[in-house]
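1. Below is the structure, and that's it, no one-letter string:
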């Protein structure tokens, strides 16, 4: 129970720090900033636990033992990765979320297929992703062509291999 409570408090603190930083100024590389915040809180939490463990007065009565610290790292790390993946879905509009938002905004009247398809264009769905690839140095735009960098090729290889292992088609 101590692992869950301490880990949840650390996650809450990480989220609050994340919100404060985003309210002041949104970082340019948001995912890396989130990972840095969450990793920093994890390291601070582990240092806190180590100081408690080696303290002579044992005020906190050694909150967690070594096995529990490992469980804490696994819990916190898993929740952090889940948050980063979830955040990436809202960082840039995903096609599914754009469609859901537009249908929701139409209210009980609904939205015709023509209205929906007319509002979805490359400027909302494709160009932000291409800009991100260029910004993250995974692709370059040269002579009116997009070309993967070595970093992009590695990521592409990972995705292609993973999809091949799952026997997944070319769909999204």
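-> Okay, I see it. This structure is a prediction, so every number in the text was calculated from the model and none was measured.
2. show me where the protein has helices.
-> Here the chain has its helices, by DSSP state H, at 2-24, 30-54, 66-91, 95-105, 113-119, 122-125, 127-135, 150-166.
3. Give the rounded mean pLDDT of the fifth one.
-> By that I understand helix 113-119. Helix 113-119 carries an average pLDDT of 82.
4. now do the third one
-> Helix 66-91 shows an average pLDDT of 88 in the prediction.
5. What is it packed up against?
-> For helix 66-91, the packing partners by 3 or more Cβ pairs under 8 Å, 6 or more residues apart in numbering; DSSP states H and E come out as helix 2-24, helix 30-54. In short, each C-beta sits where N, CA and C put it, glycine included.
6. got the angle for that helix vs helix 2-24?
-> If you take axes from the mean of the first three to the mean of the last three Cα atoms, to 10 degrees, helix 66-91 sits at 30 degrees to helix 2-24.
7. can you pull the buried residues of helix 66-91?
-> For helix 66-91, the neighbour count (16 or more other Cβ atoms under 10 Å) marks 68-69, 71-72, 75-76, 79-80, 83-84 as buried.
8. Nearest to residue 143, out of the helices of the chain?
-> Smallest distance to residue 143 across the helices of the chain (Cβ to Cβ): 14.3 Å, for helix 127-135.
9. So what touches the closest one?
-> With Cβ atoms under 8 Å, 6 or more residues apart in numbering as the test, helix 127-135 has contacts from 92-93, 139-141, 146, 152.
10. mind listing what's buried in that helix?
-> Those would be residue 133, for helix 127-135 by 16+ other Cβ under 10 Å.
11. Good, wrapping up.
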